[in-house]
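> coords below, sequence missing:
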């Protein structure tokens, strides 16, 4: 099969003292952007990086719930952008890690209230203090999406192995500046359905998207449970999904991580071949 | 005669009877009323100055078909027609043909992240709508046969630049061009290519391609992997089928339908 | 008598709006109603895919609004249901191409010759959502029994209330096993939180993935559990009082749920 990743380094050369700003987006809703942002943040922080996550889904905020931090949110993104509070007052520290912070979205406001220029400036400020600025994009390709990509240098495309999701992801990739070098995470794969030919395989997805593959995450009920409890599954050592997120974090940081040992034969066994050759 | 150019339509009046040419042009427009609606055009008077009445009558006909006549070229003697008709006089007809440098410029690789509607393709949009209106009308009336039309615009070969694009054309992107389009890469589902000439995809064509969008039924669509959502040539439309082929293929009009043949077996 | 114009919306993306629109529309058409489905997700169109008509798209909603074609030219008649038609969205445009007034006018024109106009809203609460709602006189809020989804549905319900649009709830992707083990909210919990009338309970079923990929509404399959459920939803929309199949109780027909007021 074709290599997609050979010339693209997983971690771009980092300017000294300046963190990486990465938007997590998808086009299609419900494919796992927010869960991915939360878990990637948790996994990166667990490796010792300073991480801030911005929920750019103004009006439909969810990142705080997924992290179990909703009761700790006092101020939000628009309070900061409109200069009613200091950035530090709005940043919510994670319950579990000292290195992980959240800037929540406003629930009672609209995405049109966010100014792209302000967003870019905010992300620049955060990059000086954090190693990673992760921006959780809303679904769609409207104002909210455009605000979310403002200020981001890199993009992660989250896609489910399902036709609508692939089409929407393709649309999004077409709207991103190529300099963003988007990478792909295929989420919610159900290997037994792939084997039966009832679900697209990772190859099917990337035959259309043609992006460097950062990770594949198998669907697990544990993820819904973890979301409902507000605990990122990336911190659960026994979770297969958690270890997939940890591997993604490692790859993002530039490590050459092989695919995890397959528990399901067949589809997952081929993943090893997909990751070989990544620098 | 009627020409398509990078700047829009051109109504060309050669030497001889202005009225006769105007009548012929009027007939063409009347035969396909919606076809050119929304286009911009210029008129080129190559012969002697026409009578003001005849010119004004022609201007009215053009206007009735929803075409915006932006101005006219002609010898100095025609300048007075501007006041009578309200159409600006643009001066003597421009030099025809293009320089090799301009050609090379146009063929320069365009690897834009934005694929916008180019100015030269704006006139194409009207044609595109016209072609599809024709099909929709046929579908509503449940007629299956495609009305045969003769090629209406002859695009001089020198003027028909080829738009060359490298990379994947993504869903939601639209590449429109007066001339041929060549893509080195895939054309994804949800993407569309619209060309007045041929469409060639050196990759998988999974989206929609419209060749001969200004009416050229001899136009072709070729791809290494021809698996389009929909194919259009002139006013013929065919839904793609999902059989995966193993060889490059070409689509063209034969009789009243679009047929697909392996490229190796395709006649020029 | 003008059609009922119903927008299907959710706030949260990916909860099954499009699949629900397609299947409820198909179920209504199967029962003999004249149904038009409108895809309001300009730029990210998917309704055509889910119904398997993407290859037959000639004109779309934006071209209708721009006057480049007539409304009836843009409608695609489904080959499987005599009384079902789809108005597809544009793919190469974005949502700003259409205004709320234009959407409302298109919907009114469609309503003149149909019994039901179902509008598939995009995710979110931005311009696309507002356009979709502008076309409707009532709403179906689709949610899953999951915290983020409910929170977003709540926000959307607030917006619907602002416009005094009546709405009912479909709870999608219910997993009875997870409800029993306490890992998922029950339908009752969802309705309580959202204080909303229930229109339907749809179980999570792998059948839907395959049918969506193949572009075939699930009501076409014989003896389909999901098909029967969508048929019930259609009947409730007609005003019939149909008992709910409780999926989160031990035993499939464990408890009959008291019906609700007719619409």
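Thanks, I have the structure now. Everything quoted here is computed from the prediction, not taken from an experiment.

> identify the residues contacting residue 19.
By default, I'm working from chain A. Counting by C-beta atoms under 8 Å, 6 or more residues apart in numbering or on different chains, residue A:19 makes contact with A:50, A:126, A:127, A:128, A:129, A:130, A:131, A:132, A:133. The way it works is simple: take the backbone N, C-alpha and C, and place the C-beta from them, glycine included.

> other chain: chain C
C:50, C:208, C:212.

> the second one: which element?
Following DSSP states H and E, the helix or strand that holds residue C:208 is helix C:207-214.

> equivalent analysis for residue B:260, please.
Secondary structure (DSSP H and E) places residue B:260 in strand B:257-262.

> which helices and strands does that strand pack with?
strand B:236-239, strand B:249-254 (3 or more C-beta pairs under 8 Å, 6 or more residues apart in numbering or on different chains; DSSP states H and E).

> okay, those strands in a markdown table with mean neighbour count and mean pLDDT next?
Formatted as a markdown table, the helices and strands packed on strand B:257-262 follow (neighbours: other C-beta atoms under 10 Å in any protein chain shown; pLDDT from 0 to 100):
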| stretch | mean neighbour count | mean pLDDT |
| --- | --- | --- |
| strand B:236-239 | 19 | 88 |
| strand B:249-254 | 20 | 91 |
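
> ok, which of these comes nearest chain A?
strand B:236-239 (17.0 Å; C-beta to the nearest C-beta).

> quick check: residues of chain A near chain B?
A:167, A:168, A:170, A:171, A:173, A:174, A:175, A:176, A:177, A:178, A:208, A:210 (C-beta under 8 Å from any C-beta of the partner chain).

> give me that answer again for 7 Å
A:167, A:170, A:171, A:173, A:174, A:177, A:178, A:208, A:210 (C-beta under 7 Å from any C-beta of the partner chain).

> and those, which is closest to chain C?
residue A:171 (6.0 Å).

> can you list the helices and strands packed on strand B:257-262 in JSON lines and add distance to residue B:39?
Supplementary listing: these in JSON lines, determined by distance: least, C-beta to C-beta, whole Å:
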{"stretch": "strand B:236-239", "distance to residue B:39": "21"}
{"stretch": "strand B:249-254", "distance to residue B:39": "24"}
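
> quick one: closest of those strands to residue C:13.
strand B:236-239 (29.1 Å; C-beta to C-beta).

> and the closest one, what does it pack against?
Counting contacts by 3 or more C-beta pairs under 7 Å, 6 or more residues apart in numbering or on different chains; DSSP states H and E, strand B:236-239 is packed against strand B:230-233, strand B:257-262.

> tabulate those strands in a markdown table, adding columns for mean pLDDT and distance to residue B:220.
Shown next, in a markdown table, are the helices and strands packed on strand B:236-239 (pLDDT from 0 to 100; distance: least, C-beta to C-beta, whole Å):
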| stretch | mean pLDDT | distance to residue B:220 |
| --- | --- | --- |
| strand B:230-233 | 92 | 8 |
| strand B:257-262 | 88 | 10 |
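
> now these in a markdown table, with mean neighbour count and distance to residue A:115?
Shown next, in a markdown table, are those (neighbours: other C-beta atoms under 10 Å in any protein chain shown; distance: least, C-beta to C-beta, whole Å):
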| stretch | mean neighbour count | distance to residue A:115 |
| --- | --- | --- |
| strand B:230-233 | 24 | 40 |
| strand B:257-262 | 15 | 49 |
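
> okay, the ones you listed in TSV with distance to residue A:235 next?
Shown next, in TSV, are those (distance: least, C-beta to C-beta, whole Å):
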stretch	distance to residue A:235
strand B:230-233	48
strand B:257-262	54
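
> SS state for the residue in the stretch 1-150 of chain C that chain A sits nearest to?
Closest residue of the stretch 1-150 of chain C to chain A, C-beta to the nearest C-beta: residue C:13 (0.9 Å). Following DSSP: H, G, I helix; E, B strand; the rest coil, residue C:13 is assigned to coil.

> is it correct that it is in contact with residue A:138?
No: taking C-beta atoms under 7 Å as the definition, residue C:13 is not a contact partner of residue A:138, at 8.1 Å.

> between these two, point out the one with more neighbours.
residue A:138 (31 against 25; other C-beta atoms under 10 Å in any protein chain shown).

> shaky segments in chain B?
B:4-7, B:94-160, B:242, B:244, B:266-268 (pLDDT under 70).

> residues touching the residue in the stretch 101-250 of chain A that chain C sits nearest to, list them.
When distances are taken as C-beta to the nearest C-beta, the stretch 101-250 of chain A reaches nearest to chain C at residue A:139, 3.5 Å away. For residue A:139, the contact set (C-beta atoms under 7 Å, 6 or more residues apart in numbering or on different chains) comprises A:26, A:28, A:29, C:13, C:123, C:124.
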